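Asks: Show me the folded form of this:
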Amino acid sequence: MKAQLARAMLWCMGALPFRLNRALGTGFGLLLWYLPNRSRIHSRANIDRCYPDRSPAWRRKLLRTSLIETGRTFTEAAWFWQRSQQRVLQLVREVHGLEHVDQARHERRGIIFATPHIGAWELAGSYVASCAPLTVLYRPPRIEALDRAIRRGRERLGSIPVPTDGSGIRALHRALRKGEAIGVLPDQQPRGGQGVYAPFMGQPALTMTLLSRLAARSGASVLFVAMLRRPEGGFAMHIWPAGEDIADDDARVAATRINRETERAIALAPAQYMWNYQRFRQRNAEKKAEAQPAMTE
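Replies: Residues are numbered from 1 along each chain as shown. Here you go, the predicted structure:
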């Protein structure tokens, strides 16, 4: 029953015209703002932690706006998954940095597209999949029926989703060896033993090591991507190359670079970042000690 309800809800959101879908997302976001819920609690804590020098009024405004943007991200994804790649890409009105993709393709070393949880990352994945064959790492939801719907939607948008297990990691390596592209969410919470603590927004955060290992082993170009909503409608795509130390042998050096590039994405549109994500959760006391210091440029 739960699975059927989830699928029906996903279908209904996706069936709406895009403007109504966006309005529904705004409504969901306002519910997150007005009603007690974990998203609001975690978002407020993270915003207060990351912007301690800003006024309470500024942080409160960012919290409200970010929850609205979170609601839009949720409903928009359902809309994207039920449309063709050609249809959803019509929403992209600006592209900044496409020359970096052209350069990486010319070098034929493979491309790692790193897309933080900001804006419409599902649409970002579809756009880069239109530039090169794209294999994306995917953590399936617990509801199997929902998993199938999301996986089919991402395949419709042009990407090849693979699970976050050994078989998925091998698929990423194969794609890079063939000179293709892969997609990774660089601020995804890593599982035990697969991350290190590095500074993020001035605070220690558990950060994945997978992206850097893939870059070091393959020699692939690493490009960060952010697909942001424009105030006047549609979306603007931003693409830029990561610093070379993202493939550094020192895991903390590389993780620090990942977080700095993620901060660069956030600076483009702070309200569109997914602040309810628990980047600062500490696993144990020993990990706290690891977080001290990182490096400088």
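Asks: Under the pLDDT cut-off, which ranges of this protein? List them.
Replies: 1-2, 145, 192, 283-297 (pLDDT under 70).
Asks: all helices for it, in order.
Replies: Using DSSP state H, the helices found in the chain span residues 2-15, 18-34, 38-50, 56-81, 85-89, 98-107, 121-129, 144-156, 166-177, 210-218, 251-268, 285-290.
Asks: buried stuff in the fourth one?
Replies: In other words, helix 56-81. Using 16 or more other Cβ atoms under 10 Å as the test for burial, helix 56-81 gives 59, 62-73, 75-81. (C-beta placed from N, C-alpha, C; glycine too.)
Asks: Please apply the same query to the shortest one.
Replies: Using 16+ other Cβ under 10 Å as the burial criterion, the residues of helix 85-89 that qualify are 88-89.
Asks: Show me what the longest strand seen in the chain is packed against.
Replies: Across the chain, the longest stretch assigned as strand under DSSP state E is strand 221-229. Contacts defined by 3 or more Cβ pairs under 8 Å, 6 or more residues apart in numbering; DSSP states H and E place strand 221-229 against helix 98-107, strand 111-114, helix 121-129, strand 235-241, helix 251-268.
Asks: just the ones you listed: most buried one?
Replies: Compared across the helices and strands packed on strand 221-229, strand 111-114 shows the largest average neighbour count, a mean of 26 (mean count of other Cβ atoms under 10 Å).
Asks: what residues does that strand touch?
Replies: 101, 104-105, 124-125, 128, 132, 134, 176, 180-186, 211, 214-215, 218, 220-225, 242, 258, 261 (Cβ atoms under 8 Å, 6 or more residues apart in numbering).
Asks: just checking, Arg230 touches Arg93?
Replies: Yes - under the criterion of Cβ atoms under 8 Å, Arg230 makes contact with Arg93 at 6.5 Å.
Asks: Give the residues shared as contacts by these two.
Replies: Ala236.
Asks: How many residues are close by the closest residue to Trp275 other than its chain neighbours?
Replies: Using Cβ to Cβ, 6 or more residues apart in numbering and skipping the chain neighbours, the partner closest in space to Trp275 is Ser43 (4.1 Å). Other residues within reach of Ser43, judged by other Cβ atoms under 10 Å, total 24.
Asks: Of the helices of the chain, which is nearest Arg279?
Replies: helix 38-50 (7.0 Å; Cβ to Cβ).
Asks: in the closest one, what counts as buried?
Replies: Neighbour-count burial for helix 38-50 flags 39-40, 42-44, 46-47, 50 (criterion: 16+ other Cβ under 10 Å).
Asks: same thing with stretch 170-189?
Replies: 171-173, 175-176, 179-189.
Asks: Nearest residue to Leu206 in space, please, no chain neighbours.
Replies: That would be Gly195: by Cβ to Cβ, 6+ apart, it lies 4.7 Å from Leu206.
Asks: where's the one you found relative to Ala149, distance?
Replies: Going from Gly195 to Ala149 by Cβ to Cβ, to the nearest Å gives 29 Å.
Asks: Who are the contact partners of Trp79?
Replies: With contact set as Cβ under 8 Å, 6+ apart, Trp79 has these partners: 13-14, 16, 18, 21.
Asks: need these in CSV with neighbour count and distance to Leu32, can you?
Replies: Formatted as CSV, the contacts of Trp79 follow (neighbours: other Cβ atoms under 10 Å; distance: Cβ to Cβ, whole Å):
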residue, neighbour count, distance to Leu32
Met13, 21, 16
Gly14, 19, 20
Leu16, 17, 19
Phe18, 16, 21
Asn21, 21, 17
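Asks: Need the max-distance pair from those.
Replies: Met13 and Phe18 (11.0 Å).
Asks: Near the nearest residue to Thr65 once chain neighbours are set aside, how many other residues are there?
Replies: Distance criterion Cβ to Cβ, 6+ apart; nearest residue to Thr65, sequence neighbours excluded, is Ala271 at 4.0 Å. Applying other Cβ under 10 Å, we find 20 residues neighbouring Ala271.
Asks: change the start of the numbering to 292 and stick with it
Replies: From this message on, residue numbering opens at 292, which makes the last subject Ala562.
Asks: Hmm, Arg363 and Ala562 touching each other?
Replies: No - the pair Ala562 / Arg363 is not scored as a contact, 10.6 Å apart, by Cβ under 8 Å.
Asks: picking that back up, the longest strand of the chain relative to helix 347-372, how many degrees between them?
Replies: Interaxial angle of strand 512-520 relative to helix 347-372 (axes from the mean of the first three to the mean of the last three Cα atoms, to 10 degrees): 100 degrees.
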